[in-house]
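A.B. asks: Return a 3D structure for these sequence lines:
(one chain, ligands or ions: 1)
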Amino acid sequence: MTAAVELRGVGKAFTAARDQRVEHVFDGFSLAVEPGELVAVVGASGTGKTTLLHLVAGLEQPDSGEVRVGPHAEDRHRLGVVFQQPRLLDWLPVRANVGIALRSAGLDEGLADAALEDVGLAEYADRFPSVLSGGQRQRVAVARAFAVDPAVVLLDEPFSALDELTGRRLRLLLQDLWTRTPRVGLLVTHSPAEAVFLADRVVVLSGRPATVVREYRVTAPRPRSPEDPDLFDLHRRIVADLL
Ligand SMILES: Nc1ncnc2c1ncn2[C@@H]1O[C@H](COP(=O)(O)OP(=O)(O)OP(=O)(O)O)[C@@H](O)[C@H]1O
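C.D. replies: The predicted structure is shown next:
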C-alpha cells in the first residue's frame, strides 16, 4: 500500500539565535500516514510537532531525507490546514475568506456557502470575522480547510486556544465532517484526550532528535463519545508516556 503522507529518513536542524547552538530536531526520522488514516502526534512542548507539520505542508524543507504527499503529485497542493489561530482576513466577509481558498485551489468560489453550512455558519456568510466568537472564527477556519476537498488535512493544535466546551463542540464537528467524508489527516496536539477522540492512530514523539517512542491504534468505531471509558483508558496510558 502506498502511504498518503510519508517522511523517510528526514533530518531537520535549527540554529538557535541566542547561542548559535545547532538543534537537531529530526535525524533520520520516518513516519507514514496510510490512505484514509487520521494520525495524531502528541509530545512535550518543543519536541518538533509543529516542525513535522510544516515539513509536510512544505513550509519547511528537510535538510536530508524525503517528505512525500501522495499518491498523486498534485496532492501536495491539495492541503487543508487548520492552525491554532483561525488566521482569517478581517477585512473580508466570512464567505470571501472561504472563497479565496477555493479560488486559489482553482475551484468555484460558490462552494463557500455549502462549506459554511457544513460547519453550521450558513447565516454568518456576510458577516466580518471581527463580529464572530472565537469558536465561530475557528469554524470558518475549518470550513476553509475542508472547502477545497483536501487530499490531506493538517491540524496544528486546532482547538487549544478555545475554552473547554467550545473545543469539545469543535471536536464533535470535526468528527462529524470526518465521518461524512473520511480523509487523510495529521493532527498535532498537546491533548492526549483530543488525540484518542479524533485519531485512528496516536504517535507519541519524544527526545532530541525526536523519535516515535510509542504508537497506539484507536479502534473505537465512530461516532465516538468524548466520555467513552475505553478512550479514557488509552488517554491515561498516553499521559503516562508523556510524564
Ligand atoms: N524557525 C525556527 N528557527 C529556529 N528554531 C526553531 C524554528 N522552528 C522550530 N525551532 C525549534 O525546534 C524545536 C521544535 O519546535 P516545534 O515548534 O516544532 O516544537 P513543538 O513540539 O511543536 O512545540 P510546542 O508544543 O511548544 O508547539 C524547538 O526547540 C524550537 O525552538
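A.B. asks: which parts of stretch 40-49 are buried?
C.D. replies: 40-43, 47-49 (16 or more other C-beta atoms under 10 Å). Yep, even glycine has a C-beta here, placed from its N, CA and C like the rest.
A.B. asks: between the residues you listed, which is nearest residue 24?
C.D. replies: Residue 24 lies nearest to residue 48 out of these, by C-beta to C-beta, at 9.8 Å.
A.B. asks: Surely the closest one touches residue 203?
C.D. replies: No: between residue 48 and residue 203 there is no contact under C-beta atoms under 8 Å: 11.9 Å.
A.B. asks: On the three-state scheme, residue 154 is what?
C.D. replies: strand (DSSP: H, G, I helix; E, B strand; the rest coil).
A.B. asks: so what's it closest to, chain neighbours aside?
C.D. replies: Nearest non-adjacent residue to residue 154, counting by C-beta to C-beta, 6 or more residues apart in numbering: residue 81, 4.7 Å away.
A.B. asks: That neighbour sits in which helix or strand?
C.D. replies: strand 79-82 (DSSP states H and E).
A.B. asks: Which strands and helices lie in contact with that strand?
C.D. replies: helix 134-147, strand 152-156 (3 or more C-beta pairs under 8 Å, 6 or more residues apart in numbering; DSSP states H and E).
A.B. asks: Direction included, what does the last one pair against?
C.D. replies: Strand 152-156 pairs in its sheet with strand 79-82 (parallel), strand 184-188 (parallel), by DSSP bridges.
A.B. asks: mind saving the C-alpha coords of that strand as PDB?
C.D. replies: Taking Å, rounded to 0.1, in the frame of the first residue of the first chain, the C-alpha atoms of strand 152-156 are listed here in PDB:
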ATOM      1  CA  VAL A 152      -4.700  15.800   3.300                       C
ATOM      2  CA  VAL A 153      -5.900  17.800   6.300                       C
ATOM      3  CA  LEU A 154      -3.200  19.200   8.600                       C
ATOM      4  CA  LEU A 155      -4.300  20.300  12.100                       C
ATOM      5  CA  ASP A 156      -1.900  22.200  14.300                       C
END
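A.B. asks: Which residues does the helix or strand just after it contact?
C.D. replies: Sequence order places helix 164-180 as the next helix or strand after strand 152-156, per DSSP H and E. Where contact means C-beta atoms under 8 Å, 6 or more residues apart in numbering, the residues beyond helix 164-180 that reach it are 38, 118-120, 133-135, 138-139, 142, 146, 155, 158-160, 162, 185, 194, 197-198, 222-224, 226.
A.B. asks: Restrict helix 164-180 to CA atoms and write it as CSV.
C.D. replies: In CSV, the C-alpha atoms belonging to helix 164-180 read as follows (Å, rounded to 0.1, in the frame of the first residue of the first chain):
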residue,chain,number,x,y,z
GLU,A,164,-13.2,23.6,27.0
LEU,A,165,-16.8,23.5,25.9
THR,A,166,-16.2,25.3,22.7
GLY,A,167,-13.3,23.0,22.0
ARG,A,168,-15.5,20.0,22.7
ARG,A,169,-18.1,21.2,20.2
LEU,A,170,-15.5,21.8,17.5
ARG,A,171,-14.0,18.3,18.1
LEU,A,172,-17.5,16.8,17.6
LEU,A,173,-17.9,18.9,14.5
LEU,A,174,-14.6,17.6,13.1
GLN,A,175,-15.6,14.1,13.9
ASP,A,176,-18.9,14.7,12.0
LEU,A,177,-17.1,16.1,9.0
TRP,A,178,-14.7,13.1,9.0
THR,A,179,-17.5,10.6,9.3
ARG,A,180,-19.3,12.1,6.3
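A.B. asks: residues from the chain in reach of the ligand?
C.D. replies: 14, 23, 25, 43, 45-51, 190 (C-beta under 6 Å from any ligand atom).
A.B. asks: now do 5 Å
C.D. replies: Counting by C-beta under 5 Å from any ligand atom, the positions of the chain adjacent to the ligand are 14, 25, 45-51.
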